[in-house]
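Chemist: build me a structure from this.
(chains A, B, C and D)
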Number of protein chains: 2
Amino acid sequence: MTLEDITEQLQRARALEDLQVITEQLRDFYTITHIVYHWVNSIGERFGAGTYSTDWVDRYLEKDYLRMDPVIFGCLQRFNPVDWKQLDWSTKPARAFLKEAIEFGVGNQGYTIPIRGPNGQFALFTASHHSSDLEWEAFIQANARDLMIIAHEFNKKALEFENKTETMPVPTLSPRELMAMTFLAKGFSRAQAADELQISEHTLRVYIEAARHKLGALNTTHAVARALSSGVIVV
Amino acid sequence: MTLEDITEQLQRARALEDLQVITEQLRDFYTITHIVYHWVNSIGERFGAGTYSTDWVDRYLEKDYLRMDPVIFGCLQRFNPVDWKQLDWSTKPARAFLKEAIEFGVGNQGYTIPIRGPNGQFALFTASHHSSDLEWEAFIQANARDLMIIAHEFNKKALEFENKTETMPVPTLSPRELMAMTFLAKGFSRAQAADELQISEHTLRVYIEAARHKLGALNTTHAVARALSSGVIVV
DNA sequence: TCCTGGCTCCCCATTTTTGGGGAGTAGCAA
DNA sequence: TTGCTACTCCCCAAAAATGGGGAGCCAGGA
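Modeler: As a prediction, the model looks like this:
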């Protein structure tokens, strides 16, 4: 089975289970210990496909390691893929976590690609292996680009699956409504925003209300949050 | 000059001007009309390197086309690169905008890759050309992967430059502060959020205030907006 | 033509938020 | 031990936001 075969299969994937199978194929293709795709969607639900043992996944969730995993933390602040060696393992809990991970069969080497989608969607694609630093470096050097492309294909699929289920069409705000929301997002009070737009505060209120209703928001803050995370406005 | 030469040069780039030169080299290498990298950083500043005429850039900024450009709008909601033909050009202002863009020398075809970095950073990498649909499709088919890798290299550099100069370090919110902001972003009132967190509303207020100060925000809505667009919280 | 949508203005009372202040607990690290 | 940070609770008065209502003007599409 070649890499081309696998990516083709990835593009044909129809459900989450297919992604699971593909992580296994990739692991075998590269003859490494693990391939994992881990995804936090726009409403905070988590989902993963990968070759970690279920014991480890269960333990990870149970102990809420998400909150202290240096890989997650590092990737949230980075754009580039990270080799695990680059991360900050200096704190005690971080080292304990790493030790436990290795006991559960995670490789001592790892390379994780952060992927970001619209609406704050965030995902990680990880390759992990038991090997020496030198071997691992060579592996990364040789395969970094392919891994990145594959990671993106995975995320494409994950978003595709998500969109099938729920999508609220993004409402169209009028120019004044956009302005109003933008000023609010910038921290202006209603009075200030009205002043800036050279209209009465009462009028501004009408826009905010209109925008709120269009966005299906419960209050002004919610409306601004929705407008921002749906990309309707940019601050 | 080969593509390898150009990417190597990209990796050696030291300043924004270097990126400008590289867009020109890429344009010539692919023999297309334009290559543009456009970037909105975490504090809303805009920056671009590319081969568009300065006339067009000036006009674009002057008319505030950012707010109605379907390319921007489409990319904000998508993960995949978009061919301009897929976008929604049905509104009148959108069509007028396109017409004007073509008059100013922008190609009738275009392919734009959205790129997202940490802290809500967002960038676009665009290839544009004057050509038939078929020719363009072939070009994209042949070069999509390379373009994506190049786009990522560009963004890597841009983030590198940014970090050198100014960075308002992203504040670290405590778990409770994060919860508070998250509930507010979800549209909960303070009373509801406090209820949800099983604490008094007074306590919740302390968190909101603390988060506000850490985020340098003028009011709650502003704080939520900043938390969202800096990626501190995800709703 | 009529009708819709966008823009503008005004009133009311009620609820919510804000901006200060202070004070005690627990846990972790130097 | 002595800090520091996170978490929890409380008071008050002033400012801001909310949720209804109504009304007129203009432009563009059916």
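Chemist: switch to C-alpha atoms for all contacts and neighbour counts from now on
Modeler: Fine.
Chemist: skipping its backbone neighbours, what lies nearest the residue positioned nearest the centre of chain A in space?
Modeler: Centrality entry for chain A: nearest residue to the mean C-alpha point is A:F122, 0.7 Å, by Cα atoms, centre = their mean. Spatial nearest neighbour of A:F122, excluding adjacent residues (Cα to Cα, 6 or more residues apart in numbering or on different chains): A:R116 at 4.6 Å.
Chemist: quick check: phi and psi at A:V36.
Modeler: phi -140, psi 140 (degrees, to the nearest 10).
Chemist: show me where chain A has helices.
Modeler: Secondary structure of chain A by DSSP state H: the helices cover A:3-12, A:16-30, A:54-62, A:70-76, A:92-103, A:133-165, A:175-185, A:190-197, A:201-215, A:220-229.
Chemist: the residue nearest to A:F122 contacts B:R116, correct?
Modeler: Yes. Contact criterion Cα atoms under 8 Å: A:R116 and B:R116 qualify, at 5.8 Å.
Chemist: got any residues that touch both of these two?
Modeler: Residues touching both A:R116 and B:R116 by Cα atoms under 8 Å, 6 or more residues apart in numbering or on different chains: none at all.
Chemist: for DNA strand D, what are the nearby residues on chain A?
Modeler: A:S189, A:R190, A:A191, A:R205, A:E209, A:L218, A:N219, A:T220, A:T221 (Cα under 7 Å from any atom of the strand).
Chemist: on that earlier part again, deepest of the helices of chain A, which one?
Modeler: Most buried of the helices of chain A, by mean neighbour count (mean count of other Cα atoms under 10 Å in any protein chain shown): helix A:220-229, with a mean of 26.
Chemist: that one to helix A:175-185, inter-axis angle?
Modeler: Interaxial angle of helix A:220-229 relative to helix A:175-185 (axes from the mean of the first three to the mean of the last three Cα atoms, to 10 degrees): 110 degrees.
Chemist: can I get helix A:220-229 as PDB, trimmed to CA atoms?
Modeler: The C-alpha atoms that make up helix A:220-229 are tabulated as PDB, following Å, rounded to 0.1, in the frame of the first residue of the first chain:
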ATOM      1  CA  THR A 220     -25.100  42.100  23.100                       C
ATOM      2  CA  THR A 221     -22.000  40.300  24.300                       C
ATOM      3  CA  HIS A 222     -23.300  37.000  22.800                       C
ATOM      4  CA  ALA A 223     -24.000  38.800  19.500                       C
ATOM      5  CA  VAL A 224     -20.500  40.200  19.300                       C
ATOM      6  CA  ALA A 225     -19.100  36.800  20.200                       C
ATOM      7  CA  ARG A 226     -21.100  35.200  17.400                       C
ATOM      8  CA  ALA A 227     -20.300  37.800  14.900                       C
ATOM      9  CA  LEU A 228     -16.600  37.400  15.600                       C
ATOM     10  CA  SER A 229     -16.400  33.700  15.600                       C
END
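Chemist: tell me which other helices or strands it touches.
Modeler: helix A:175-185, helix A:201-215, helix B:175-185, helix B:220-229 (3 or more Cα pairs under 8 Å, 6 or more residues apart in numbering or on different chains; DSSP states H and E).
Chemist: ok, which of these comes nearest B:I6?
Modeler: Ranking the helices and strands packed on helix A:220-229 by their distance to B:I6 (criterion: Cα to Cα) puts helix B:220-229 first, at 32.8 Å.
Chemist: quick check: mean pLDDT of the closest one?
Modeler: Taken as a whole, helix B:220-229 carries a mean pLDDT of 87.
Chemist: ok, stretch A:203-212 next?
Modeler: Stretch A:203-212 carries an average pLDDT of 88.
Chemist: hmm, back to that, show me which pair in the residues of chain A next to DNA strand D is furthest apart.
Modeler: Farthest pair in the residues of chain A next to DNA strand D, by Cα to Cα: A:A191 and A:L218, 20.7 Å.
Chemist: check contacts around A:V71.
Modeler: A:W84, A:L87, A:T112.
Chemist: any stretches of chain A with poor pLDDT?
Modeler: The model of chain A has pLDDT under 70 over residues A:41-45, A:64, A:66-68, A:163-170, A:235.
Chemist: spell out which parts of it neighbour DNA strand C.
Modeler: A:173-177, A:198-203, A:206-207.
Chemist: cutoff 10 Å now
Modeler: By Cα under 10 Å from any atom of the strand, the residues of chain A that approach DNA strand C are A:91-93, A:171-180, A:187, A:189, A:194-195, A:197-207, A:210-211, A:214, A:219-221.
Chemist: now the closest residue to A:S128 other than its chain neighbours: how far from A:S131?
Modeler: Spatial nearest neighbour of A:S128, excluding adjacent residues (Cα to Cα, 6+ apart): A:G110 at 4.1 Å. Going from A:G110 to A:S131 by Cα to Cα, to the nearest Å gives 10 Å.
Chemist: quick check: domain ranges of chain A?
Modeler: Residue ranges for the domains of chain A, per automatic domain parsing: A:3-165, A:175-229.
Chemist: pull the distance from the longest one to the chain's centre.
Modeler: Averaging C-alpha positions (Cα atoms, centre = their mean, to the nearest Å) puts domain A:3-165 11 Å from its chain's average.
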